[in-house]
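Student: sequence and computational prediction follow.
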Amino acid sequence: MKRKTTRILFFLLLFASFLASAAFASGGVSVSAGSLKIQKGSKASFTIKASNAAGRISVSSSDTGIATVSESSLWLDNSSASITVKAVAKGSCRITVKCVDVSTYDEETVEKTFTVKITVYEKETSTEKPQTPDKPQTPDKPQTPDKPAKPAEPKKSGNADLKSLVLIGFDMTEAFSPDKTEYTAYAPDGITKVEAEFATDSAKAKASLSGEELLEGWNDLKIRVTAENGNQKTYTVRIYRPEKPTEFFTCRDQTLGVVKNVDLVALEGYEAGEDLIFRPAEGNGPAVRYLIEPESGNTGFYLFDEKEGKVVAPFRQIRIGEKVCYPVDAPGEAPPADPSLIELRGTDWEETEFDAWHYRDPAMKDFSIWALSDADGNTSFYRLDSREGTWQRYFPEPVPEEPEPETAEESETGSETAPVPEEETGTEGETGPQTPETSPALIAAWAAAGGGLLLSLILFILLLAARRRAKKEKKDDA
């Protein structure tokens with residue numbers, strides 16, 4: 001009977017232990033204590049355990065003037081860690097245990113925050129005085145009325161946390177948290193002064209703001225919180241105000257400035273270097289710059305020739321099979337075909353205009369000739385069939401040269417040209433109008449025709465003579 005009772009008590013204790021641990025566990029993470037009472041100057045600890053889970057966990061104290069923790073961040077992987085709490089001064093605070101990036105082995109995200117209440121007390125000292133030997137009794141003195149006890153001074157709060165912080169007109173890149181003291185923000189163009197709204201967690205704390213004026217570049221906005229007991233905490237927001245460009249390029253007779261900060265700019269497949277030039281993260285590709293039109297404020301990516309140090313055209317991509325090309329303006333001074341057959345005009349590609357050659361013949365209205373650049377900056381012509389959406393390599397046709405006008409010039413030998421023969425008239429010494437100049441080819445043609453007629457006439461006469469001779473010989477034989 002006694003053994004059976006012992007077993008029942010063992011299982012009851014095991015079940016109670018399970019319920020106690022389950023009270024602080026959620027999503028694979030548990031904390032061994034919900035509160036600690038520590039004597040000033042002493043230490044105590046609690047355990048954080050990750051069961052079938054892994055990730056980073058942050059640990060922070062709401063008032064380091066009362067209690068501090070041994071670890072502010074730790075990584076657990078189906079393991080546990082002990083956190084030591086040191087009592088600094090008498091008072092109360094809380095230790096926050098937060099699952100920052102934790103997931104179970106079943107890939108379920110664990111989002112849980114635990115709070116451990118800390119109470120720090122001072123060791124009580126005895127107020128009893130040592131006993132002295134008995135003195136002879138003296139007559140009792142008349143009693144005086146008791147003075148009222150002096151009330152104890154209330155304890156001053158050491159809470160120097162902000163409860164909220166908001167920037168008017170733009171946002172911080174990180175969500176606000178009372179335990180986080182450093183943030184980053186990017187002010188829109190045109191904002192030269194920060195307006196911030198904030199509130200302290202304790203009604204008895206005070207806060208002051210500095211650094212509201214924004215200069216070009218990086219600025220530090222600081223909010224200093226002073227608790228009732230004098231504890232201080234400073235929150236800092238690093239704010240970037242856009243800088244005016246000092247480096248410029250020219251493209252299509254337009255001035256473009258270099259944007260000095262590209263923290264918030266992204267181009268798929270590209271990474272920005274320290275020289276603010278975007279280059280492919282992997283593989284081959286051209287260099288790209290992120291530029292701004294100073295007058296309009298419009299920004300965009302532009303194809304950049306690093307060898308020549310110049311901007312070529314707005315950055316757009318055209319995929320032809322496995323090859324990626326980049327459209328540029330077709331050169332007007334070097335047409336790929338007879339200018340009488342084609343004309344150069346602006347054509348849109350992905351809402352951006354490029355100069356391309358188009359056929360004048362209405363039957364060829366669906367075809368155009370484009371100049372495309374490759375990753376190395378080499379430019380070739382391609383013909384686009386807009387109806388089918390296909391590209392083909394196009395090889396420029398020879399452009400016919402214009403004939404030069406004929407001019408009467410002296411020959412290189414210096415001899416004069418033969419005079420045109422004058423037409424004779426009946427009056428001696430007078431000259432008639434000049435006959436048109438006859439070309440040598442025409443004279444040769446006339447001579448050949450005359451010779452042919454003469455030869456034909458001689459052959460005809462010889463043929464007649466031979467016939468007469470034959471008739472005569474036949475007559476004499478008869």
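Tutor: That came in fine, so what should we check first?
Student: for residue 384, give me its contacts.
Tutor: 356, 367-370, 390-391 (Cβ atoms under 8 Å, 6 or more residues apart in numbering). Heads up, the C-betas are built off the backbone N, CA and C, glycines and all.
Student: which SSE is the residue lying closest to it once chain neighbours are set aside in?
Tutor: Leaving aside its sequence neighbours, residue 384 sits nearest to residue 368 (Cβ to Cβ, 6 or more residues apart in numbering; 5.2 Å). Element membership of residue 368, judged by DSSP states H and E, is strand 367-373.
Student: give the pairing partners of that strand; include direction for each.
Tutor: Paired neighbours of strand 367-373 in the sheet (DSSP bridges): strand 323-328 (antiparallel), strand 352-359 (antiparallel), strand 379-385 (antiparallel).
Student: nearest to residue 202, out of those strands?
Tutor: Taking Cβ to Cβ, strand 352-359 is the member of these nearest to residue 202, at 56.5 Å.
Student: pull the residues that contact the closest one.
Tutor: Applying Cβ under 8 Å, 6+ apart, the contact partners of strand 352-359 are 313-314, 316, 327-330, 332, 335-337, 341-348, 365, 367-371, 384.
Student: distance from the chain centre to that strand, please.
Tutor: 28 Å (Cα atoms, centre = their mean, to the nearest Å).
Student: would you mark the buried spots in that strand?
Tutor: For strand 352-359, burial by neighbour count (16 or more other Cβ atoms under 10 Å) applies to 354-357, 359.
Student: closest to the centroid, which residue in the protein?
Tutor: Nearest to the geometric centre of the chain sits residue 266, at 1.4 Å (Cα atoms, centre = their mean).
Student: picking that back up, farthest pair within the contacts of residue 384?
Tutor: 356 and 390 (15.4 Å).
Student: touching stretch 204-215 from outside, list them.
Tutor: With contacts defined as Cβ under 8 Å, 6+ apart, stretch 204-215 is touched by 156-157, 159-162, 187, 191-196, 198, 200, 219-228, 239, 241.
Student: repeat for stretch 160-177
Tutor: Contacts to stretch 160-177, defined as Cβ under 8 Å, 6+ apart, come from residues 62-63, 178-180, 183-188, 191, 194-202, 205, 207, 223, 225-227, 231-233, 235, 237, 239.
Student: and if you look at stretch 107-126?
Tutor: By Cβ under 8 Å, 6+ apart, stretch 107-126 touches 24, 26-29, 31, 33-40, 46, 53, 55, 61, 66-67, 85, 87-99, 102-104.
Student: drop anything exposed from the residues you listed.
Tutor: 24, 27-29, 31, 33, 36, 38, 40, 46, 53, 55, 61, 66-67, 85, 87-88, 91-93, 95-99, 102-104.
Student: how about the secondary structure of residue 396?
Tutor: Of the three states, residue 396 takes coil under DSSP: H, G, I helix; E, B strand; the rest coil.
Student: number of residues surrounding the nearest residue to it once chain neighbours are set aside?
Tutor: Spatial nearest neighbour of residue 396, excluding adjacent residues (Cβ to Cβ, 6+ apart): residue 336 at 3.8 Å. Number of residues near residue 336 (other Cβ atoms under 10 Å) recorded here: 18.
Student: residue 336 falls within a strand, correct?
Tutor: No - counting by three-state DSSP, residue 336 is not part of a strand but coil.
Student: mind listing which of the contacts of stretch 204-215 are in strands?
Tutor: 162, 196, 198, 200, 219-226, 239, 241 (DSSP state E).
Student: quick check: the farthest pair among those residues?
Tutor: 226 and 241 (28.6 Å).
Student: ok, residue 463 to residue 456 distance?
Tutor: Computed as Cβ to Cβ, to the nearest Å, the residue 463 to residue 456 distance reads 11 Å.
Student: neighbouring strands for the strand ranked longest in the chain, and are they parallel or not?
Tutor: Assignment by DSSP E gives strand 91-104 as the longest strand of the chain. Using DSSP bridges, strand 91-104 pairs in its sheet with strand 53-61 (antiparallel), strand 109-110 (antiparallel), strand 113-121 (antiparallel).
Student: kindly export it (C-alpha atoms) in PDB.
Tutor: The C-alpha trace of strand 91-104 is given here as PDB (Å, rounded to 0.1, in the frame of the first residue of the first chain):
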ATOM      1  CA  GLY A  91      12.700  48.700  -7.000                       C
ATOM      2  CA  SER A  92      10.700  46.800  -9.700                       C
ATOM      3  CA  CYS A  93      11.200  46.300 -13.400                       C
ATOM      4  CA  ARG A  94      10.500  43.600 -16.000                       C
ATOM      5  CA  ILE A  95      12.700  41.400 -18.100                       C
ATOM      6  CA  THR A  96      11.400  40.900 -21.700                       C
ATOM      7  CA  VAL A  97      12.200  37.700 -23.500                       C
ATOM      8  CA  LYS A  98      11.100  38.000 -27.200                       C
ATOM      9  CA  CYS A  99      11.300  35.400 -30.000                       C
ATOM     10  CA  VAL A 100      12.800  37.500 -32.800                       C
ATOM     11  CA  ASP A 101      13.300  34.900 -35.500                       C
ATOM     12  CA  VAL A 102      12.300  31.500 -34.200                       C
ATOM     13  CA  SER A 103      10.600  28.600 -35.900                       C
ATOM     14  CA  THR A 104       9.800  25.000 -35.000                       C
END
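Student: Three-state assignment for residue 464, please.
Tutor: Following three-state DSSP, we place residue 464 in the helix state.
Student: please tell me how far it sits from residue 474.
Tutor: In terms of Cβ to Cβ, residue 464 sits 16 Å off from residue 474.
Student: what's the answer for residue 370, then?
Tutor: Distance from residue 370 to residue 474, by Cβ to Cβ: 89 Å.
Student: next, count neighbours for residue 375.
Tutor: 15.
Student: in what helix or strand does it lie?
Tutor: Remark: residue 375 resides in no helix or strand, with elements defined by DSSP H and E.
Student: would you confirm that it contacts residue 285?
Tutor: Yes - look at residue 375 against residue 285 with Cβ atoms under 8 Å: they come within range, at 5.2 Å.
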